[in-house]
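A.B. asks: Quick check, what structure comes out for this input:
(2 chains)
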Amino acid sequence: MSTQTPDTDETDPQAERMARKEERAAEREEASSTPDVGEDAITLKVFRYDPEVAEKQEPRFDTFHVPREPGITVLDALIYARDTYDSSLTFRHSCRQAVCGSDALFINGSQRLGCQTQVADLSNSDTVRVEPLPHREVVKDLVVDMDHFYDQMDAVEPYFSPTEEPDGEQLQSRENREKIKMSTRCIWCGACMSSCNVAAGDNQYLGPAAINKAYRFYFDEREDDERQEERLKIIEQEHGVWRCQTQFSCTTVCPKDIPLTEHIQELKREAVKSNLKFW
Amino acid sequence: MYEHDVIVVGGGGAGLRAAIGAHEAGADVAIVTKLHPVRSHTGAAEGGINAALREGDDWELHAYDTVKGGDYITDAPAAETLAQDAPDNVVQLENWGMPFSREEDGRMSQRPFGGLSFPRTTYAGAETGHHLLHTLYEQVVKRGITVYDEWYVTRVAVTDEDDPNDRECYGCVAWDIQTGEIAGFRGREGTILATGGDGQVFDHTTNAVANTADGVAMAYRAGVPIEDMEFVQFHPTTLPSTGVLISEGTRGEGGILYNSEGERLMFEYGYATNDGELASRDVVSRGELTEINAGRGVDDEYVHLDMRHLGEERIMDRLENILHLAEDFEGVDGLENPMPVKPGHHYEMGGVETNEHGETCIDGLYAVGEVACVSVHGSNRLGGNALPELLVFGARAGKHAAGEDLGEPEIPVGKTDDAEGIEESDVDFPVEPGALAASSAVVSGDTPEEVVETAREAETERIEGLLEKEEGVNHAEVRSKIQKSMTANVNVFREESAIEDSLETIREAREEYQDVYVADKSRTFNTDLQHTIETRNVIDAAETIAMGALAREEFRGAHWRKEYQERRDDEWLKHTMISWNDGTPELWYRPALLEGENQTYEPKERHY
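C.D. replies: Down below sits the predicted model:
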């Protein structure tokens, strides 16, 4: 392969780089001292904490001013603040379209996905207060430890497992698919669990997401009766469905509009019916 | 050092399927992934999974559509393997409980998709990827497969023989995002890259923030040839303000594209007089942009996709997710108004060169899914072919790594002396591509463990170096520069001077990257460091895309060149290969394989 290379290299690349670097540093200095964010900039107040950094060991709020672009989401505002003012500002995010479930946050006092929340839609859109999900251990800034949430999910045996392996394509009625449709939309964001008063007080409570997962399999007609009984046993345990006090907070915050509280109530009814059988 | 038989890097669809395949073949397998698996971008796939399941369809038709869709540089053995294995893989998913949409009789539903001769796209609403990802993850949990989540693999542990074909991969090095620990992972039988796409090379993309070409860059620097990177798919229907994808299923169900004059552009201006909106994606994207450039775009920026005539019931049944996306991310009610859409970066057809078992030229190193180029998509991927690809080749690679015999592969890998038809390239680049100084990511060692440990030490030094610097450039500036340049210059319509301009910008970005520093010094969840490491991968991938785009002097599939507006089969029925070559990249070609099991795929003019 032939490539064009410069015949002579008279300038010192290192010196050139240094010069460019100084230029850029000057530009940045100017940008950060006079950020042109417009008169109606959004005031973003963000929770900060880092166990390793001396000035962040005591939790605090930092304020950033972000230009009010049309359609700007809370996630966009966080990205702007991070890339413009402070690259150590830490939050999870990936798909930007409400399907990866990474960016459930506590925004102006309720659990929402940052990417799905437009600043203009908030009741107070002048000041946006962003905190990590309540009732979770904070790892750093807006990042919380999700391990407990995942453990609760795992506890309901969250996988299709009929007693006998199917042979070839199984049929499923449209009605049955419709029955479980909403429950299959869960993106594991953890907003529901964080909003739940019961979960806050009972660390072992399975929580709305895990019970919804159990619902998804319990009502899937492709699994058999024997398996259904086993699934009921899991959700009927001491820290299962009976803990739910039907406050509907989970249903209110769910970004995928899953009727979580209803699903929990329906499983309670199934549990009662099943217990009556043995009387 | 963590040790397993098989290490799978990445927890999206391809990685999960590979892990299950390896596990079923008896291996102790672990998934190492920078996101928790359910956060992976497979979850954003909407349309469906192509598989010849039904009467009237057969795998040969699927293979033919795939080769034609790829504009005849799809390798026939890859397309045929995909088409043959897809039906069993879809039934397997069904058996694992995936909630597919259903027909009246209870069987899985299929729908028409662009470029298909039979409606074989098997789907679950307009959120097929979400259900596929969660179903696979459920099965991983069921099997108790170890998952190291939020561990970012930054390097593969490969030996340093001169010829990459003699090298061996013994594992990889990963950095625990939560704690900052840097550890070696020994894969006794194999290491499978399943790291996904490279959307962060562009600034208007359907891809996630996490899609930073990690696997391409790691394999490239270890000596594996990177194939056909110039073939980048621009999806015709993305929301203008965010790049969020509006599924091809919308057109599959009957959605119509209109220009600002209210004309049905695909027919009116002859872009696809037979299939209209359901022509192949490259054809539709060019049609839309031609309209916009001719002044017939809405607000000079986009066209309209209208699905109102389908009726609320059908939309709610099959496309409900599209309503939510249009509402949440563009503020448009798809039941009341047409949705604004424009082409946006969507998928990388090229990637790490592999054969149909997922093997690269380096023993023990595999690649599957979007990161790989087997090449099943040629110069243009058909909608609905990415999900079967990750299932089919994910499963195959997993099994092969675990020791299952899949027979002799037909697709060659590596630049070897005895390989047929290899050609050197004589393309001139405006600036020297590659590293600023000799550089490669390979190490020596007497034992596999020593190789992994040496790689870990080298990687620790690199990462510590980034953290130690007290001042410099923020990676975000460098990344943004690449994204802007690639979006402006190496997009749907390409011309020589613009591509050269991007190569120069990429060179500048490499120089600036020398000065990047990480302002956040914390070891805890340091995303500043993560993004800084990713940005080097973005630079490497962008460069291979631009190099390939400059070299390929023809119009084929997704690659259009102003100076060469014809497909040139006499010269270009070949793959663009780029070898890192210790930092001074070398571009060469390998002929496309058009010889199938029962037929030869003769290039024909592509009409839709």
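
A.B. asks: Might you name the residue of the stretch 351-500 of chain B sitting closest to chain A?
C.D. replies: Closest residue of the stretch 351-500 of chain B to chain A, C-beta to the nearest C-beta: residue B:476 (4.4 Å). Any C-beta I mention is one placed from the backbone N, CA and C, and that applies to glycine too.

A.B. asks: State the number of residues packed around that residue.
C.D. replies: Per other C-beta atoms under 10 Å in any protein chain shown, the neighbour tally for residue B:476 reads 18.

A.B. asks: which secondary structure elements does the helix or strand hosting it contact?
C.D. replies: Element membership for residue B:476, per DSSP states H and E: helix B:475-489. For helix B:475-489, the elements it packs on are helix B:496-513, helix B:527-551, judged by 3 or more C-beta pairs under 8 Å, 6 or more residues apart in numbering or on different chains; DSSP states H and E.

A.B. asks: quick one, domains of chain B?
C.D. replies: What the TED database lists as the domains of chain B is B:2-232+B:346-424, B:234-345, B:448-566.

A.B. asks: So which residues on the stretch 101-250 of chain A come close to chain B?
C.D. replies: Residues of the stretch 101-250 of chain A lying close to chain B (C-beta under 8 Å from any C-beta of the partner chain) are A:101-102, A:116, A:139-141, A:143, A:146, A:150, A:154, A:157-161, A:165-166, A:168-174, A:177, A:180-181, A:184-185, A:187-188, A:217, A:220, A:222-223.

A.B. asks: Would you list the buried entries among the residues you listed?
C.D. replies: Applying 16 or more other C-beta atoms under 10 Å in any protein chain shown to these, the neighbour count classes A:101-102, A:116, A:139-141, A:143, A:146, A:150, A:157-161, A:169-170, A:172, A:177, A:180-181, A:184-185, A:187-188, A:217, A:220, A:222-223 as buried.

A.B. asks: quick one: which of these sit in helices?
C.D. replies: Judged by DSSP state H, helices contain the following of those: A:150, A:177, A:180, A:181, A:217.

A.B. asks: Let me see the contact set for the second one.
C.D. replies: Read it as residue A:177. B:99, B:100, B:101, B:102 (C-beta atoms under 8 Å, 6 or more residues apart in numbering or on different chains).

A.B. asks: most surrounded residue in the residues you listed?
C.D. replies: residue B:100 (26 neighbours).

A.B. asks: ok, residue B:251 - how many residues close by?
C.D. replies: Residues near residue B:251, counting by other C-beta under 10 Å: 27.

A.B. asks: Which residue does chain B have closest to chain A?
C.D. replies: Of all residues in chain B, residue B:97 sits closest to chain A, at 2.5 Å by C-beta to the nearest C-beta.

A.B. asks: And the helices in the stretch 51-200 of chain B?
C.D. replies: According to DSSP state H, counting those that start in this stretch, the stretch 51-200 of chain B carries its helices in the segments B:59-69, B:76-95, B:128-142.

A.B. asks: what's the pLDDT at the residue of chain A found nearest chain B?
C.D. replies: Using C-beta to the nearest C-beta, residue A:160 is the residue of chain A that sits closest to chain B, at 2.5 Å. pLDDT recorded at residue A:160 is 98.

A.B. asks: count of residues packed around the residue nearest to it when sequence neighbours are not counted?
C.D. replies: Spatial nearest neighbour of residue A:160, excluding adjacent residues (C-beta to C-beta, 6 or more residues apart in numbering or on different chains): residue B:97 at 2.5 Å. A count of nearby residues for residue B:97, using other C-beta under 10 Å, gives 26.

A.B. asks: helix or strand right after the host helix or strand of residue B:389?
C.D. replies: If you go by DSSP H and E, residue B:389 is part of helix B:386-401. For helix B:386-401, the following helix or strand on the C-terminal side (DSSP H and E) is strand B:423-424.

A.B. asks: Adjacent strands (with direction) for that following strand?
C.D. replies: Sheet pairing here is set by DSSP bridges, and for strand B:423-424 it gives strand B:586-591 (antiparallel).

A.B. asks: Could you pull up the residues touching residue 173?
C.D. replies: If you meant another chain, say so; for now it's chain A. Neighbouring residues of residue A:173 by C-beta under 8 Å, 6+ apart: A:221, B:102, B:106.

A.B. asks: if you could check chain B rather than the one you did, that'd help
C.D. replies: The contact partners of residue B:173, taken as C-beta under 8 Å, 6+ apart, are B:153-157, B:182-185, B:452, B:455-456, B:459.

A.B. asks: same check, this time on residue B:565
C.D. replies: Counting by C-beta under 8 Å, 6+ apart, residue B:565 touches residue B:555.

A.B. asks: and residue A:261, that's in a helix?
C.D. replies: Yes: the assignment for residue A:261 is a helix, going by DSSP: H, G, I helix; E, B strand; the rest coil.

A.B. asks: rewinding a little: what about the nearest residue to the residue of the stretch 351-500 of chain B closest to chain A once chain neighbours are set aside, distance to residue A:37?
C.D. replies: What sits nearest to residue B:476 in space, not counting adjacent residues and going by C-beta to C-beta, 6+ apart, is residue A:83, at 4.4 Å. Per C-beta to C-beta, to the nearest Å, residue A:83 is found 13 Å from residue A:37.

A.B. asks: can you check residue B:6 too?
C.D. replies: The value you get for residue B:6 to residue A:37, if C-beta to C-beta is used, is 50 Å.

A.B. asks: Comparing the two, which residue is more hemmed in?
C.D. replies: Taking other C-beta under 10 Å, residue B:6 and residue A:37 do not tie; residue B:6 has more neighbours (30 against 15).

A.B. asks: looking at it, the more buried one is touching residue B:190, isn't it?
C.D. replies: Yes: counting by C-beta atoms under 8 Å, residue B:190 is a contact partner of residue B:6 at 5.2 Å.

A.B. asks: who's in contact with the residue of the stretch 351-500 of chain B closest to chain A?
C.D. replies: Listed by C-beta under 8 Å, 6+ apart, the contact partners of residue B:476 are A:83, A:87, B:531.
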